[in-house]
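>>> after the sequence you'll find the predicted model.
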Amino acid sequence: EVQLVESGGGLVQAGGSLRLSCAGSGFTFECYAIAWFRQAPGKEREGVSCISSSDGSTYYADSVKGRFTISRDGAKNTVYLQLNNLKPEDTAVYYCNARHVLAQNIYWGQGTQVTVSS
């Protein structure tokens, strides 16, 4: 069974930090690029960051550049998103997405809530 499970969300004050985890199972994790998206109430889902399956190349949306860091642990089939210097506008449900680099397989996690109070 394919699973993509996020964890690590919570309530934090502005300026605080959280580390989100995205754990994959049931598929060849190393063949998938992993991305984090977020969706705030009343807004469209937006891409936050991604990391390649091969050389570890990363991408960040301008809104999080310099504050968020994505990393990958192949031994644990897990991708992390470190969220630092959080702002109230970072409040959203954060979703993990796995996309096969050669095929059309795409998986989504169930999401984890991040709430930043001012």
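Nice, I can see it. Numbers count the residues shown, from 1 in each chain.
>>> next one: the spatially most central residue of the chain relative to S118, how far apart?
Centroid-nearest residue in the chain: W36, 3.0 Å away (criterion: CA atoms, centre = their mean). The gap separating W36 from S118 is 23 Å, by CB to CB, to the nearest Å. For every residue, glycine as well, the C-beta is placed using N, CA and C.
>>> just to revisit the earlier point, who does the host helix or strand of the residue nearest to the centre of the chain pair up with?
Using DSSP states H and E, W36 sits within strand 32-39. Strand 32-39 has its sheet partners listed here by DSSP bridges as strand 46-51 (antiparallel), strand 92-100 (antiparallel).
>>> residues contacting the first one, please?
Contacts of strand 46-51 with the rest of the structure, by CB atoms under 8 Å, 6 or more residues apart in numbering, involve 33-39, 57-61, 64, 68, 70-72, 79, 81, 94.
>>> on that earlier part again, need the pLDDT of the nearest residue to the residue nearest to the centre of the chain once chain neighbours are set aside.
In this structure, W36 finds its nearest non-sequential neighbour in V48, 4.5 Å apart by CB to CB, 6 or more residues apart in numbering. Note on V48: pLDDT of 98.
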